[in-house]
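> need a 3D model of the following:
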Amino acid sequence: GRAAYPFARRDLPGACLVAVVVRGTGEVTEWAGNLNVGTGRDHAGFAQAGDELLENLENYLAQEPDRPLRFLVTGHSRGGAVANLTAARLTAENRGAVYARTFAAPAVSLDGTGEGYENIFNITGPEDLVPQLPLAQWGYCRYGADLPRVHQRGETTIINAYERYILDIPDGLLGRRDRK
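Next comes the predicted model:
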């Protein structure tokens with residue numbers, strides 16, 4: 001039930017931006033977590049990794065002066081699932097402004113919903129099996145809104161699509177006032 005992730009922060013006028021980037025499945029042992037749906041409301045393998053991430057994030061934030069926080073959370077595949085749960089928890093706990101983009105994230109919860117989580121976007125590809133698991137027929141879904149990845153003219157790689165989705169960040173999140 002582990003995941004790999006770095007934290008980074010950037011000082012902004014009157015706030016601190018904290019980036020959380022969660023890697024997809026990399027270790028053989030992470031596959032066991034991918035398959036551990038468990039019996040609770042959240043996918044057990046992803047929730048366990050998310051709990052560890054949040055504990056380490058708390059330790060990281062303990063070094064930060066008391067000021068408003070903004071979070072940018074992202075991940076791919078298993079990392080997208082952990083990022084989805086992390087962003088949902090940060091949002092529900094009203095920890096600060098949270099902005100999340102996940103890519104090819106599996107479904108994470110029986111309680112996943114878009115309502116109240118309009119700040120979380122899950123980019124999925126119709127040809128990708130991973131975002132279809134665990135099955136919706138079992139009641140699983142993601143927090144936030146699912147956005148099907150649409151191939152645009154001139155996009156030759158997933159990097160082009162990533163840039164299009166992740167760089168469309170709301171004004172003010174990174175301390176910018178315009179998009180010049």
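
> need the strands for the chain, in chain order.
7-12, 15-22, 69-76, 97-103, 120-124, 145-148 (DSSP state E).

> elements contacting the shortest one?
The helices and strands touching strand 145-148, judged by 3 or more CB pairs under 8 Å, 6 or more residues apart in numbering; DSSP states H and E, are strand 120-124. C-beta here means a position set from N, CA and C on the backbone, and glycine is covered the same way.

> strand partners (parallel or antiparallel) of the strand it packs on?
With DSSP bridges as the test, strand 120-124 is paired with strand 97-103 (parallel), strand 145-148 (parallel).

> state the mean pLDDT of the longest helix anywhere in the chain.
The longest helix of the chain (DSSP state H) is helix 44-61. Here helix 44-61 scores 95 as its mean pLDDT.

> may I see the buried residues of that helix?
44, 45, 46, 47, 48, 49, 50, 51, 53, 54, 57, 61 (16 or more other CB atoms under 10 Å).

> same question for stretch 76-95.
So for stretch 76-95, counting by 16+ other CB under 10 Å, buried means 76-91, 95.

> what of stretch 103-113?
Neighbour-count burial for stretch 103-113 [16+ other CB under 10 Å]: 103, 104, 105, 106, 107, 108, 109, 112.

> do you know how far the spatially most central residue of the chain is from residue 19?
The structure's the chain has its C-alpha centroid closest to residue 83; by CA atoms, centre = their mean the separation is 2.7 Å. Noted for residue 83: a distance of 11 Å to residue 19, by CB to CB, to the nearest Å.

> what residues are shared contacts of the two?
73, 74 (CB atoms under 8 Å, 6 or more residues apart in numbering).

> which sections of the chain are below the confidence cut-off?
The model of the chain has pLDDT under 70 over residues 1, 150-180.

> tell me which of the strands paired with strand 120-124 approaches residue 10 most closely.
strand 97-103 (13.4 Å; CB to CB).

> give me the angle between the closest one and strand 15-22.
Interaxial angle of strand 97-103 relative to strand 15-22 (axes from the mean of the first three to the mean of the last three CA atoms, to 10 degrees): 20 degrees.

> what's the neighbour count on residue 35?
Using other CB atoms under 10 Å, residue 35 has 12 other residues around it.

> please name the residues that touch it.
residue 45.

> quick check: it vs residue 139, distance?
Using CB to CB, residue 35 is found at 18 Å from residue 139.

> cool, and residue 5?
Taken as CB to CB, the span from residue 5 to residue 139 is 27 Å.

> in terms of neighbours, single out the busier of those two.
residue 5 (22 against 13).

> and for residue 97, the neighbour number?
18.

> chain neighbours aside, what residue packs nearest to it?
residue 70 (4.4 Å; CB to CB, 6 or more residues apart in numbering).

> can you check residue 31 too?
In space, residue 31 is closest to residue 25, 6.4 Å off (CB to CB, 6+ apart).
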